[in-house]
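Visitor: turn this into a model:
(chains A and B)
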Amino acid sequence: MTEAQAAAVPTFEARALYKRFGGLQATDGLSLALERGRVHALIGPNGAGKTTALAQLSGELRPDEGSIHLDGRDVTALDMPARARLGIARSFQITAVFESFTVRENVALAVQSRARHHFHFFGNAARDRRLTDTADAALEQVGLADAGGHRVAALAHGQKRQLEIAMALATEPQVLLLDEPMAGMGAAESEVVASLLERLRARYAVLLIEHDMDVVFRLADTLSVLVGGRLIASGPPGEVRDDPDVQAAYLQESF
Amino acid sequence: MTSAPLRARLATVVLLAGLALLPPVAAMIGDPYLVTLANRAVIYGLAAMALDLIMGYGRLVSFGHAAFFGLGAYTVGILSTHVMQGIPLAFGWNGSNEALIAWPLAMAVSAAYAAFVGVISLRTSGVYFIMITLAFAQMVYYLFVSLPAYGGQDGLSLWLRNTAAGVALDDRTGFYYLCLGVLVAVWALLTRMVNSRFGRVLQGCRENERRMRALGFRPMPYRLTAFVISGALTGLAGALVANHQEFVSPALMTWSQSGQFMVIVLLGGLASLVGPIYGAVALLVLEETLVSVTQHWQLVLGPVLVLAVLFFRGGLYGALSGRGGRQ
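Guide: The predicted structure follows:
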């Protein structure tokens, strides 16, 4: 196999997904490919079906038609926990962390999901170094190394988003599906997460749903535009931006 | 999940020391009835602590825990009846009065029933879970009401208390200490459990099920395991209450009994394990005090409990440890 051919096999691929809710065609023939080391950004106006698409990729929703493949393996029939264990991690648009846990405990639970030994009834998880050391490493990666012992409730919004990413990383995924990781962040916090993603990108196949166009153009290798559940353009960000259809449908407000 | 503040720990030490010193004090002031009363609190505290495992750490509000309690009690009662009457129970076995046989069997019966109920009811959540667990418990209640061989509505008297490794449990003080020992042992066991990897997963599912699924966890097996452990321990409390009262009846399985366990958990402090001991003692003290003041004591007790649950969100233990606003 030549190098060109190897690069042509995507890590994670969706082929012609369709999803209908009553009269609404939420996903209309969506195909996407993610490759390791590359960021694929998905943009579109509100209600375009971005989160519905991500739900199908992560396994939370079953598509009506179409298939999803991880390293060439068909994972369409697997639910979210099964896909997570195969290395498809997602973050949530609305921060979803365990509020009564400490920061380290949140990440330790994500680490534990890789270990597969959950029916340990007596060892104290807080003193289990296999959990806490890996959790601390993930926290260090996202810049929360000092916050490990804090209660989640004490974190700023931006830090909670960083924690979300640390939890996704701690599951040692191949694929990162990030649903608006900068939602609700100030400029400084947003910069922290953007440079974090810049550092991490080499190791993962990343799908980034994001509204902040500066971030999208800074990070994305491929940009896809979703309107009404259908991709109207997909390609290098510069070309997509200049596409007249895209400008007409969506980007005109942003440029 | 952090350790309790010093004040709360001290209070718990005082509470347990008080319970441990109660028999000699009762003997000194010549009121042996106190031991009987305290024994009740210890047993109900045990059942409520078992309920707290799933209610506090799993947010699985079971309104049917009286069924486990009753099944545990009836297991002891039925085994004892067969011994007395000399009628074989099954396979030519005449039952047993030995606690080392009867109590584990009581736990096994409750655990098996919990597994059955859990597999069905844990597919639901919220109000539906409450109603399904209640419905199952009512079925068990009516089953025992309609079993004339085991006393039906009237229940069964135990001819004798169980023996433990051949030693009779007739001594009131000795039995009290045995129950207290069981309570403390179960507390230690469950404390380790909620801090273990298993406990973390259970609490994660309580906090955010969707997030847990995204991390690769399926909640069902963890919840079912916790439900079965909770059922088995409530069954053990039932085996103790059968010996304590020397009598079992369907009254142990009523929905109001299930409600009482919930009240004890909420009054003592949800998701604290030790809270239900406070709750059981407090409820008993309240009852006994009000009974001595007025014959309409239940009219007073009801509103007091409602107010306590409303304004002490973390229960008595929560108020002591300064986490009253939890949840």
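
Visitor: got phi/psi on the residue of the stretch 151-300 of chain B found nearest chain A?
Guide: Going by C-beta to the nearest C-beta, chain A is nearest to residue B:216 of the stretch 151-300 of chain B, at 3.5 Å. Bear in mind the C-beta positions are built from the backbone N, C-alpha and C, glycine included. Reported as degrees, to the nearest 10, the phi and psi values for residue B:216 are phi 100, psi 10.

Visitor: pretty sure it contacts residue A:113?
Guide: Yes. Counting by C-beta atoms under 8 Å, residue B:216 does reach residue A:113; the two are 4.3 Å apart.

Visitor: who touches both of those two?
Guide: Common contacts of residue B:216 and residue A:113, defined by C-beta atoms under 8 Å, 6 or more residues apart in numbering or on different chains, comprise A:84-85, A:171.

Visitor: could I get those residues in JSON lines, plus columns for neighbour count?
Guide: Below are those laid out as JSON lines (neighbours: other C-beta atoms under 10 Å in any protein chain shown):
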{"residue": "A:84", "neighbour count": "26"}
{"residue": "A:85", "neighbour count": "18"}
{"residue": "A:171", "neighbour count": "24"}
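
Visitor: list the ones among these that fall in helices.
Guide: A:84-85 (DSSP state H).

Visitor: contacting residues around the strand or helix carrying residue B:13?
Guide: For residue B:13, the host element (DSSP states H and E) is helix B:6-28. Contacts with helix B:6-28, where a contact means C-beta under 8 Å, 6+ apart, come from B:4, B:32-35, B:38, B:42, B:173, B:176-177, B:180, B:184, B:274, B:277-278, B:281, B:317, B:320-322.

Visitor: ok, which residues in the stretch 101-250 of chain B are in contact with chain A?
Guide: The stretch 101-250 of chain B has residues B:192-193, B:195-201, B:203-204, B:207-208, B:210-211, B:213-218, B:222, B:225 near chain A, with proximity defined as C-beta under 8 Å from any C-beta of the partner chain.

Visitor: may I see the buried residues of the helix holding residue B:13?
Guide: B:8, B:11-12, B:15-16, B:19, B:22-23, B:26 (16 or more other C-beta atoms under 10 Å in any protein chain shown).

Visitor: need those residues in CSV (columns: pLDDT).
Guide: Compiled in CSV, the buried residues of helix B:6-28 are given as follows (pLDDT from 0 to 100):
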residue, pLDDT
B:8, 87
B:11, 91
B:12, 92
B:15, 94
B:16, 95
B:19, 95
B:22, 93
B:23, 91
B:26, 89
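
Visitor: need the residues you listed in JSON lines (columns: distance to residue A:235).
Guide: As requested, the buried residues of helix B:6-28 are exported to JSON lines (distance: C-beta to C-beta, whole Å):
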{"residue": "B:8", "distance to residue A:235": "61"}
{"residue": "B:11", "distance to residue A:235": "67"}
{"residue": "B:12", "distance to residue A:235": "65"}
{"residue": "B:15", "distance to residue A:235": "70"}
{"residue": "B:16", "distance to residue A:235": "70"}
{"residue": "B:19", "distance to residue A:235": "74"}
{"residue": "B:22", "distance to residue A:235": "79"}
{"residue": "B:23", "distance to residue A:235": "83"}
{"residue": "B:26", "distance to residue A:235": "85"}
